[in-house]
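# This is the structure alone, sequence omitted:
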């Protein structure tokens, strides 16, 4: 049977998973790091965890893993700082001899300390600078309030001095004014800045808290950086005048509640001008200092950005090495580490060479020992893929990974997946667009492989060969559907159909859609063959276009789907023959093939026969009444002579295949399991009897010895 089904598929490298072997690796402790690193570069070993009973904190190299986690945190911090500064991160390959773990840790500690200090200084300088900018605005805007008030006061005083009193008995001297009017109370004030959106609430609360015994002046100053947050905000300069200490306390608390920044403001104009000059000079000094700090920060970040990717790669590598070392067990002398790993047989020479080079690099006197182990554990499944087959294997693995040495569906997926996509997508124009995109990816393949792509583009680039095949098949199915961006094509000329009325050709009718309206019918002229390839353009735009195309595509989908299911069942036969599983062949493969093809296989044969015989039989009617009225075929469901008897036979074998699939195999497996349990119990009983006989024999010997001694 195996020879009968030998189609040369076994010669395909991807047909079955790689042969695996469990190996034991004994590595000296001083060269373990280099050996595991070299094996990681090979990338073909799967290590078993020999310390599964220990927690992560009880393992030998737990401290080294913690150190790598801390270095990874620092690298993430550097990455955030570089991204905020909008610097490009350099992507470089890891050198043959990078930093030692201790050297890299010290380097990262030093850079983190420097970055934290630089950031702290920059934040303090920026806060001070923003505070001085706000103070300068207060001095300018609030000073204009006082200047305006002085001008108005002088004008009022001048007017009062030179104006004639309205009443003849009005006093001319200030000393003659009433005592209450002559005692002018001294007013206090608070100046500062407040965000524009809080101004209305600030004013209302001041008015209510002081019962109207205050005076507020404010003016907008535009967008200003807030010293606390560093964000741009629309702000107003305000001055609040009040009378009394209680009012002052209330005003200060309200300013604090609304996050209003208060600044000192001198009363005298001379002192205001002096303070304004000092603030301006201080701003110039701070601006120079901040620029120097930014240049230093940029230099540090550029150095970090240049090496960041290399450091991140090295930290990930070191963490992976120590994580793997934690899976190894250590002997009692703590000089040798013992590992167990699954290795492909074809990769053993590469593994030996990697261990030899690691021993030379570490300058150890004892090299690692690699020896095979015999085990009953199932090996892992590993497929050796290349750039072309990798994306198709990923598609299959997304649905599930097969058992060891099972047939790999990816061999057929290379063709079936793009083709079934094209059956759904088929359009000549859309296929050309996909072909151009796939060609662009393939032409720049080497360049993109060296770059770190984003998630979306990286996904498209990983499937570049699949996209190429989908484009080619879409062009092919587009030719079959005769569609170019959903428009009909005339690559093989126009339609061969013509309009006939009463058997006479109507040459004046060029648009075949008009033919039914004049009482004619569309048909092929005598001796004219149909359209050479694909759907005839005459169907486009007609009332029956959609039903016709849907019918064709649905029937084609049924044919492809049933063929695909048959292929899947045939792959189970290949597995049964390889593993010599006759039970699955007899109780699964045969009834599955009978059930599938007696119903859906018959439907496919009916579809093809209907196309070839040009019959108008309703296949829905055939399949429905095959179950509802077996043995009876009416005129609407007639296809060929003997159809009724064939349908009854197919139904009977389909119904017989259902219990054949469900019951024999579980019952046989149950009996096998019970037989193995009985055999195991018999072996245990025999072993127990042997132990009892051995103990009795030892007792007899001891009794004879004691009797001889007493004698």
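Now that the structure is in, tell me what you want to look at. Since the model is a prediction, treat every value here as computed from it, not as a measurement.

# Report the helix or strand with the lowest average pLDDT across the protein.
helix 179-182 (a mean of 43; mean pLDDT, DSSP states H and E).

# just for the stretch 151-300 of the chain, where's the confidence low?
151-186 (pLDDT under 70).

# and if we set it to 80?
Residue ranges of the stretch 151-300 of the chain with pLDDT under 80: 151-187, 267-268.

# Could I get the full set of helices for it?
Assigned by DSSP state H, counting those that start in this stretch, the stretch 151-300 of the chain shows helices spanning 179-182, 199-209, 245-257, 269-325.

# same check, this time on the stretch 401-550 of the chain
For the stretch 401-550 of the chain, the helices defined by DSSP H, counting those that start in this stretch cover 410-425, 428-443, 445-449, 455-462, 464-481, 545-579.

# For residue 624, find the nearest of the ones you listed.
helix 545-579 (15.3 Å; C-beta to C-beta). From N, CA and C alone the C-beta is placed, and that goes for glycine too.

# avg pLDDT for the closest one?
Averaged across helix 545-579, the pLDDT comes to 89.

# cool, and stretch 344-353?
On average, stretch 344-353 scores 91.

# Buried residues of it, list them for me.
Within stretch 344-353, the residues scored as buried using 16 or more other C-beta atoms under 10 Å are 344, 347, 350-351.

# how close does the residue most central in space within the chain get to residue 461?
Centroid check for the chain by C-alpha atoms, centre = their mean gives residue 455 as the closest residue, at 6.6 Å. Distance from residue 455 to residue 461, counting by C-beta to C-beta, to the nearest Å: 11 Å.

# on that earlier part again, okay if I get the helices of the stretch 151-300 of the chain as TSV plus mean neighbour count?
Putting the helices of the stretch 151-300 of the chain into TSV (neighbours: other C-beta atoms under 10 Å) gives the following:
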stretch	mean neighbour count
helix 179-182	8
helix 199-209	15
helix 245-257	15
helix 269-325	16
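
# I figured residue 388 was touching residue 466, is that so?
No. Counting by C-beta atoms under 8 Å, residue 388 does not reach residue 466; the two are 9.3 Å apart.

# out of these two, which sits in the busier spot?
More neighbours surround residue 466 than the other of residue 388 and residue 466, with 22 against 13 (other C-beta atoms under 10 Å).

# The closest residue to the more buried one other than its chain neighbours: what's it in contact with?
Nearest-residue entry for residue 466: residue 391, 4.9 Å, with adjacent residues in sequence omitted and distances by C-beta to C-beta, 6 or more residues apart in numbering. Residues near residue 391 by C-beta atoms under 8 Å, 6 or more residues apart in numbering: 462-466.

# 10 Å instead?
Going by C-beta atoms under 10 Å, 6 or more residues apart in numbering, residue 391 touches 385, 410, 413-414, 417, 459, 461-467.

# Any of those buried? List them.
410, 413-414, 417, 461-467.

# Kindly indicate which of those lies nearest residue 190.
Nearest to residue 190, judged by C-beta to C-beta, of the buried ones among the contacts of residue 391 is residue 461 at 62.9 Å.

# and the closest one, how far is that from residue 450?
12 Å.

# Likewise for residue 109?
To residue 450, residue 109 is 31 Å away according to C-beta to C-beta.

# Residue 116 now?
Residue 116 is 34 Å from residue 450, by C-beta to C-beta.

# between those two, who's got more neighbours?
The residue with more neighbours, out of residue 116 and residue 450, is residue 116; 11 against 8, by other C-beta under 10 Å.

# Check which helix or strand that one maps to.
helix 101-162 (DSSP states H and E).

# got the angle for that helix vs helix 269-325?
160 degrees (axes from the mean of the first three to the mean of the last three C-alpha atoms, to 10 degrees).

# Tell me which other helices or strands helix 101-162 touches.
helix 62-84, strand 188-195, strand 214-225, strand 232-242, strand 261-263, helix 269-325 (3 or more C-beta pairs under 10 Å, 6 or more residues apart in numbering; DSSP states H and E).

# now it: how far from the chain's centre is it?
45 Å (C-alpha atoms, centre = their mean, to the nearest Å).

# So what angle separates the directions of that helix and strand 214-225?
140 degrees.

# Offset the numbering so it begins at 200, please.
All set: I'll call the first residue 200, so the last point we hit is now helix 300-361.

# orientation of helix 300-361 relative to strand 387-394 in degrees?
Helix 300-361 runs at 130 degrees relative to strand 387-394, counting by the same axes, to 10 degrees.

# contacting residues for residue 808?
Residue 808 neighbours (C-beta under 10 Å, 6+ apart): 814, 816, 838-839.

# pLDDT score for residue 786?
pLDDT, residue 786: 93.

# mind checking the SS state of residue 539?
Residue 539 falls in the strand class when you classify it by DSSP: H, G, I helix; E, B strand; the rest coil.

# Apart from its neighbours in sequence, what residue is nearest it?
Nearest residue to residue 539 in three dimensions, chain neighbours excluded: residue 247, at 4.5 Å (C-beta to C-beta, 6+ apart).

# Okay, the one you found and residue 221: tell me how far apart.
Counting by C-beta to C-beta - residue 247 and residue 221 are separated by 8 Å.

# any shared contact partners between those two?
In contact with both residue 247 and residue 221: 539-541, 574, 576, using C-beta under 10 Å, 6+ apart.

# which one of the residues you listed has the most neighbours?
Among the shared contacts of residue 247 and residue 221, the one with the most neighbours (other C-beta under 10 Å) is residue 540, at 22 neighbours.

# Residue 577 is in contact with residue 603, isn't it?
Yes. Between residue 577 and residue 603 there is a contact under C-beta atoms under 10 Å: 5.8 Å.

# now for the strand or helix carrying residue 822, which elements pack on it?
Following DSSP H and E, one finds residue 822 within helix 818-827. Judged by 3+ C-beta pairs under 10 Å, 6+ apart, helix 818-827 is in contact with helix 744-778, helix 801-812, helix 842-861.

# Pipe those into TSV and attach distance to residue 263 per row.
Listed next are the helices and strands packed on helix 818-827 as TSV, based on distance: least, C-beta to C-beta, whole Å:
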stretch	distance to residue 263
helix 744-778	44
helix 801-812	63
helix 842-861	55
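
# For the nearest residue to residue 396 once chain neighbours are set aside, which residues are in contact?
Take residue 396 and drop its neighbours on the chain: the residue closest to it by C-beta to C-beta, 6+ apart is residue 433, 7.8 Å away. By C-beta under 10 Å, 6+ apart, residue 433 lies in contact with 394-396, 398, 419-423.
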